[in-house]
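# coords below, sequence missing:
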């Protein structure tokens with residue numbers, strides 16, 4: 001079972017899936033990250049057995065609130081855009097054969113899915129408020145990314161079961 005750790009979260013994918021921390025690819029870090037003045041990357045790239053490419057961005061605000069001034073939906077959209085370009089380039093130019101093969105599978109995918117995995121404090125408090133409305137972020141992502149995925153998902157550990165094939169712990 002492929003397992004990807006991102007911060008304090010572990011993503012457990014079925015054995016029939018391929019999953020990787022895209023932002024840790026050597027091609028991204030050493031070659032593509034500085035293209036055009038700098039690029040961003042999604043956290044996880046996963047390929048399902050039905051050849052869907054899943055671009056998963058993970059945000060965990062349970063202990064520390066968001067401090068960036070850029071809108072969260074805009075940040076995710078830029079990461080998706082840059083990752084699409086990076087993966088397409090990796091298909092041809094990645095020196096690591098594993099990265100190149102996974103990039104080829106992503107480029108040849110029959111469907112692209114976007115997921116923002118958003119963890120926030122379970123209980124509201126002044127110290128750790130639940131400041132981001134997942135429904136509003138989802139609607140913004142739908143508008144911005146409709147040409148890539150008209151039905152992006154905004155999930156958290158409690159809402160994931162049954163909606164996606166992987167588990168988050």
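Perfect, I can see it now. Keep in mind that this is a model prediction, so the values were computed, not measured.
# For the rest of this, base every contact and every neighbour count on C-alpha atoms.
OK.
# top helix in the chain by residue count?
helix 72-93 (DSSP state H).
# now that helix: how far from the chain's centre is it?
On the basis of CA atoms, centre = their mean, to the nearest Å, helix 72-93 sits 10 Å off its chain's mean C-alpha point.
# Against which helices or strands is that helix packed?
helix 97-107, helix 134-144 (3 or more CA pairs under 8 Å, 6 or more residues apart in numbering; DSSP states H and E).
# Any chance of TSV for the ones you listed, columns distance to residue 52, mean neighbour count and mean pLDDT?
Formatted as TSV, the helices and strands packed on helix 72-93 follow (distance: least, CA to CA, whole Å; neighbours: other CA atoms under 10 Å; pLDDT from 0 to 100):
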stretch	distance to residue 52	mean neighbour count	mean pLDDT
helix 97-107	8	19	98
helix 134-144	18	17	97
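# For those, could you give me JSON lines that also reports distance to residue 49?
Below are those laid out as JSON lines (distance: least, CA to CA, whole Å):
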{"stretch": "helix 97-107", "distance to residue 49": "11"}
{"stretch": "helix 134-144", "distance to residue 49": "25"}
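# Compare these and give me the one nearest residue 55.
Closest approach to residue 55 among the helices and strands packed on helix 72-93 (CA to CA): helix 97-107, 9.7 Å.
# what does that closest one contact?
Applying CA atoms under 8 Å, 6 or more residues apart in numbering, the external contacts of helix 97-107 come out as 25, 27, 47, 51-53, 87-88, 90-94.
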